[in-house]
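Peer 1: pasting the sequence and the predicted coordinates here, then a few questions.
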Amino acid sequence: MRLSDALRLTPAPRLSFSGAGGKTTALFRLGREYLELNAHSPAHAQTVLLAATTHMAAEHLSMADWHIVTSGDATVVPPPGGWPTGLLIFTGPLGRDSRTTGLTAAQMDQLFVLSEEAQFPLLVEADGSRQRPLKAPVSHEPAIPAWIDSGVVVAGLSGLGRPLTAQWVHRPERFSELAGIPVGESVSAQALAQVLCHPSGGLQGIPEAARRVVILNQADNAELQAAALKMAPELLQAYQAVVVASLAFSEAAGIHAVHEPTAGVILAGGAASRLGQPKQTLPWLGHALVWHAARTALHAGLAPVVVVTGYAADLVQAALAGLQVELVHNPNWAAGQSTSVITGLRHLPAQVSSAVFLLADQPRVPAELVRSLVETHTRTCAAIVAPLIQGQRANPVLFDRRTFPDLLSLEGDVGGRALFSRYPVSWLPWNDASALLDVDTLEDYQTLCGIAATKGEI
């Protein structure tokens, strides 16, 4: 998986990197990715602009193809002869400490205007960390321009379990204040998450309208990747995405996981014409069938869980009383399943990255299956993730948000499977065939109850 895919970037992003533990590596890696992606695309630029609003070590400048020094209050202008191809990095002059100064706010605004005119990606390194894996900012940093559309905060997981000292943390006293732990104490995953989520910590300086992403870098072994997984739920309260990665060039290099909010959409609006009564509210194990689907979605950690009603909406609502779900009515339910898919999608918040669609008439789908779909998507960012049971494609199905425009264009009595021929599907093998059972007829319902009796569930 490419870093640009993990960050869900546009062809010409305006992005800032702040934090510690791999900012510069991420900056240049992302710049190189854009050059590779655009190498054979005449529609996109072959030039990527990089800039620093803070000090940058001289040895890092060689990673760019061109270094343009803008000193004092000089205006930022294109190079003589026009823009060359490759990575162009703009900084202030090199000082005696072998570090460049950063561009001023006015110069950054000038560079932004130039990037807009040419539609070049513009990537900004916005603070320093003295090459420590962790840091805490002070009041004057990071220097993030107001026009960025994505603010990426980097933290190096090699600092976990290390003492909170200057050897491992840039500004340990400030980190101590934000994390609520004394200087010298071991840095825990909980302490790091607290600093990253603090308005005066990781979030400081990121414009309110910008997409916020945290990269947990240096996840070079299973233990550190497990620590990142443990941190993800708390971080997702403050960030739109948590990327777990090893960005340095090594055998462990790569994007290991991308954690983002995944919603659940339960389609519960059909008329059940073959059954002759509302199957969504048929009793099973003490509750309506739709209640079991909703509980599965909730237990799997999907949020929000949206239940789309249509036929017998009042009965469905009553059956779900007490559950933390959002009900949305589809008045056009009789026009086919596509209208319920569209109704559910339109109700999802903008930060949702994917959605699992569940059917109200499949109560034996376990929460473990839903969690496995989400975990597969976390590792792959696949467009569609679907179960494969005994060689059959099955439900529920996860759809990445890049498929949402096509889902919103569906018509008639079709669902998301209409997209299986348009996108590559990541198949999840699943061994429990009982998840295949849906209730379309009275015989299906009797079979469902018979299985429960056999297993001693009734």
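Peer 2: Everything's here; your move. Residues are numbered from 1 along each chain as shown.
Peer 1: CA only for contacts and neighbour counts going forward, please
Peer 2: OK.
Peer 1: what's the domain layout of this structure?
Peer 2: Listed by automatic domain parsing, the domain ranges of the chain are 3-259, 262-453.
Peer 1: any chance of the ones you listed in TSV, with mean neighbour count and mean pLDDT too?
Peer 2: Shown next, in TSV, are the domains of the chain (neighbours: other Cα atoms under 10 Å; pLDDT from 0 to 100):
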stretch	mean neighbour count	mean pLDDT
domain 3-259	19	93
domain 262-453	19	93
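Peer 1: now the helices for the chain?
Peer 2: For the chain, applying DSSP state H gives helices covering 3-6, 23-38, 58-61, 105-118, 172-179, 189-197, 222-235, 289-299, 313-319, 337-346, 367-380, 404-408, 442-454.
Peer 1: mind listing residues that contact the fifth one?
Peer 2: Helix 172-179 is contacted from outside by 135-138, 164-166, 169, 182-183, 191-192, 194-195, 198, 200-201, using Cα atoms under 8 Å, 6 or more residues apart in numbering.
Peer 1: 10 Å instead?
Peer 2: Here helix 172-179 makes contact (Cα atoms under 10 Å, 6 or more residues apart in numbering) with 134-138, 163-166, 169, 180-185, 187-188, 190-201.
Peer 1: picking that back up, nearest to Glu125, of the helices of the chain?
Peer 2: helix 23-38 (7.1 Å; Cα to Cα).
Peer 1: how far does that closest one sit from its chain's centre?
Peer 2: For helix 23-38, the distance from its own C-alpha centre to the chain's C-alpha centre is 19 Å (Cα atoms, centre = their mean, to the nearest Å).
Peer 1: quick check: which helices or strands does it pack against?
Peer 2: With contacts taken as 3 or more Cα pairs under 10 Å, 6 or more residues apart in numbering; DSSP states H and E, helix 23-38 sits against helix 3-6, strand 14-19, strand 47-52, helix 58-61, strand 86-91, strand 122-125, strand 150-156, strand 211-217.
Peer 1: what about 8 Å?
Peer 2: Secondary-structure packing of helix 23-38 (3 or more Cα pairs under 8 Å, 6 or more residues apart in numbering; DSSP states H and E): helix 3-6, strand 47-52, strand 86-91, strand 122-125.
Peer 1: against which helices or strands is the first one packed?
Peer 2: Judged by 3+ Cα pairs under 8 Å, 6+ apart, the packing partners of helix 3-6 are helix 23-38, strand 254-259.
Peer 1: how far does it sit from its chain's centre?
Peer 2: 10 Å.
Peer 1: excluding its own residues, what touches it? List them.
Peer 2: Residues contacting helix 3-6 (Cα under 8 Å, 6+ apart): Arg29, Leu30, Glu33, Tyr34, Val243, Ile255, Val258, Cys381.
Peer 1: repeat that for 10 Å
Peer 2: Residues from elsewhere that reach helix 3-6 (Cα under 10 Å, 6+ apart): 9-11, 13, 26, 29-31, 33-34, 37, 213, 215, 241-245, 247, 254-259, 378-381.
Peer 1: next: stretch 219-233.
Peer 2: Residues contacting stretch 219-233 (Cα under 10 Å, 6+ apart): 156-158, 160, 188-194, 214-218, 235, 239, 241-248, 250-261, 301.
Peer 1: now do the contacts for Pro331.
Peer 2: Taking Cα under 10 Å, 6+ apart, we find Pro331 in contact with Gly269, Thr309, Gly310, Tyr311, Ala313, Thr339, Ser340, Thr343.
Peer 1: isn't the fifth one up against Leu267?
Peer 2: No: using Cα atoms under 10 Å, Ala313 is not in contact with Leu267; the gap is 11.7 Å.
Peer 1: hang on, Leu345 packs against Leu407?
Peer 2: Yes: between Leu345 and Leu407 there is a contact under Cα under 10 Å: 8.3 Å.
Peer 1: shared neighbours of the two, anything?
Peer 2: Thr339, Arg401.
Peer 1: Throw the helices of the chain into JSON lines and include distance to Ala146, thanks.
Peer 2: Listed next are these as JSON lines, based on distance: least, Cα to Cα, whole Å:
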{"stretch": "helix 3-6", "distance to Ala146": "21"}
{"stretch": "helix 23-38", "distance to Ala146": "19"}
{"stretch": "helix 58-61", "distance to Ala146": "25"}
{"stretch": "helix 105-118", "distance to Ala146": "9"}
{"stretch": "helix 172-179", "distance to Ala146": "24"}
{"stretch": "helix 189-197", "distance to Ala146": "20"}
{"stretch": "helix 222-235", "distance to Ala146": "23"}
{"stretch": "helix 289-299", "distance to Ala146": "37"}
{"stretch": "helix 313-319", "distance to Ala146": "44"}
{"stretch": "helix 337-346", "distance to Ala146": "29"}
{"stretch": "helix 367-380", "distance to Ala146": "30"}
{"stretch": "helix 404-408", "distance to Ala146": "29"}
{"stretch": "helix 442-454", "distance to Ala146": "57"}
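Peer 1: among these, which is nearest Phe357?
Peer 2: Phe357 lies closest to helix 337-346 among the helices of the chain, at 8.4 Å (Cα to Cα).
Peer 1: any residues touching stretch 407-426, and which ones?
Peer 2: For stretch 407-426, using Cα under 10 Å, 6+ apart, the contacting residues are 333-346, 357, 373, 376-377, 380-388, 393, 395, 397-399, 401, 403-404, 406.
Peer 1: on that earlier part again, what's the closest of the contacts of Pro331 to Asp127?
Peer 2: Thr343 (43.4 Å).
Peer 1: so the closest one is in contact with Thr309, correct?
Peer 2: Yes: the criterion here is Cα under 10 Å, and Thr343 meets it with Thr309 at 9.5 Å.
Peer 1: anything in contact with each of the two?
Peer 2: When contacts are counted by Cα under 10 Å, 6+ apart, Thr343 and Thr309 are jointly contacted by Leu267, Val328, His329, Asn330, Pro331, Trp333.
Peer 1: partner residues bridging the first one?
Peer 2: This means Leu267. Applying DSSP bridges to Leu267 gives these bridge partners: Val308, Leu359.
Peer 1: I figured it hits Val290, correct?
Peer 2: Yes: Leu267 is within contact range of Val290, at 9.1 Å (criterion: Cα under 10 Å).
Peer 1: which neighbours do the two share?
Peer 2: The contact sets of Leu267 and Val290 overlap at Gln280, Val307, Leu358, Leu359, Ala360, Asp361 (Cα under 10 Å, 6+ apart).
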